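Undergrad: I need the structure of the sequence given here:
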Amino acid sequence: MTNKIRMGALLGPVPNGAAPNFLVEQAKTYVAEGFNSLWAAQSMGRGFMWTDPFVTMTIAATVSQDVEVGSAIVQIPLYHPGDFAHRVVSLHQLLGDRLILGLGAGSTGADFDLVGRDSETRFSMFTESVAALRAAYESGSDANKALSPWPHMTTPPKLFFGTWGKGVERAVQEFDGWIASGHYRSVEELEASAVRYHAAGGGRAIVSTLMIDGDTDLGEFREKLARFAEAGFNDAVVLIQPGGPAPDVVRKLTD
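TA: From the prediction side, this is the model:
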């Protein structure tokens, strides 16, 4: 592999009937096997349950003192801007520089329906919430609404834009990095977007939600990881589904 790619793992989903400490033990296993980062996804109204991403990231924060913890991604228009900023600041207190906050505008109307939000306004809400989050760190308040983070917390955590299409350039201009979903896009599409991202001056790039199950050809998957690395992706985040290969086998695909 020309460029070494770091490997992260999405935590969850929790199987029906699993023990209450399932996510804790899953996170411990991934850390023990050498995964570089632990991640939370967000899905709310799609007929299957994922644990709240802030709960998942809090669990991940407690099982290690060195791996990065991130969201891939949080749909921030689902939150009131002040509530979202408070959640982020609280999590940042726990994780410090280990936190990578992957942010997106969302795409599935069912998630918005569940919390009574209008999905048609998601892009303007996304911009408003990002501005409110940054204001909370810079001044401690937004439009005279005080959040008052601790005095030493003046800089937001690393903010990565989860996006596609024309948003790739916006990730370069306004954010610390880019997260691309590998679930619905082909390798060729991801490679082409990575070229655009780096041509525009982009930094760290993460490809996420790479699904692995019991039918996955791991030789082909290793080749896919090599192509991502060659295209300029720094991290690959896998989702090992129930019945899939053991975490140690998957992690060694980047060796």
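Undergrad: run through the stretch 51-200 of the chain and note the low-pLDDT ranges.
TA: Applying pLDDT under 70 to the stretch 51-200 of the chain flags residues 140-145.
Undergrad: ranges for the strands of it?
TA: Secondary structure of the stretch 51-200 of the chain by DSSP state E, counting those that start in this stretch: the strands cover 68-75, 99-104, 141-142, 145-146, 158-162, 177-181.
Undergrad: how about a markdown table for those, with distance to residue 237 and mean neighbour count added?
TA: Yep, even glycine has a C-beta here, placed from its N, CA and C like the rest. A markdown table is the format used below for the strands of the stretch 51-200 of the chain (distance: least, CB to CB, whole Å; neighbours: other CB atoms under 10 Å):
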| stretch | distance to residue 237 | mean neighbour count |
| --- | --- | --- |
| strand 68-75 | 6 | 26 |
| strand 99-104 | 9 | 24 |
| strand 141-142 | 31 | 18 |
| strand 145-146 | 34 | 12 |
| strand 158-162 | 11 | 22 |
| strand 177-181 | 8 | 25 |
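Undergrad: in TSV: those, plus distance to residue 53.
TA: Conversion of the strands of the stretch 51-200 of the chain to TSV gives the following (distance: least, CB to CB, whole Å):
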stretch	distance to residue 53
strand 68-75	5
strand 99-104	9
strand 141-142	22
strand 145-146	24
strand 158-162	12
strand 177-181	13
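Undergrad: to residue 227, which of those lies closest?
TA: Nearest of these to residue 227, taken as CB to CB: strand 177-181 at 13.2 Å.
Undergrad: how far away is the residue nearest the centre of the chain from residue 30?
TA: In the chain, the residue lying closest to the centroid (CA atoms, centre = their mean) is residue 72, at 1.9 Å. Counting by CB to CB, to the nearest Å, the separation of residue 72 from residue 30 is 14 Å.
Undergrad: sorry, back to before: would you mind measuring from the residue nearest to the centre of the chain to residue 118?
TA: Per CB to CB, residue 72 is found 24 Å from residue 118.
Undergrad: same check on residue 89?
TA: Counting by CB to CB, the gap between residue 89 and residue 118 amounts to 26 Å.
Undergrad: settle it for me: which of those two has more neighbours?
TA: The neighbour comparison of residue 89 against residue 118 (other CB atoms under 10 Å) goes to residue 89, with 20 against 11.
Undergrad: was I right about the more buried one contacting residue 154?
TA: No - using CB atoms under 8 Å, residue 89 is not in contact with residue 154, being 11.3 Å away.
Undergrad: could you tell me which residues touch both of these two?
TA: By the contact definition CB atoms under 8 Å, 6 or more residues apart in numbering, residue 89 and residue 154 are jointly contacted by residue 137.
Undergrad: indicate which one of the strands of the stretch 51-200 of the chain is closest to residue 17.
TA: Across the strands of the stretch 51-200 of the chain, residue 17 has its closest neighbour in strand 68-75 (26.0 Å, CB to CB).
Undergrad: show residues contacting that closest one.
TA: Residues from elsewhere that reach strand 68-75, judged by CB under 8 Å, 6+ apart: 8, 10, 36-42, 53, 57, 60-61, 95, 98-106, 111, 122, 160, 162, 179, 206, 208-209, 237.
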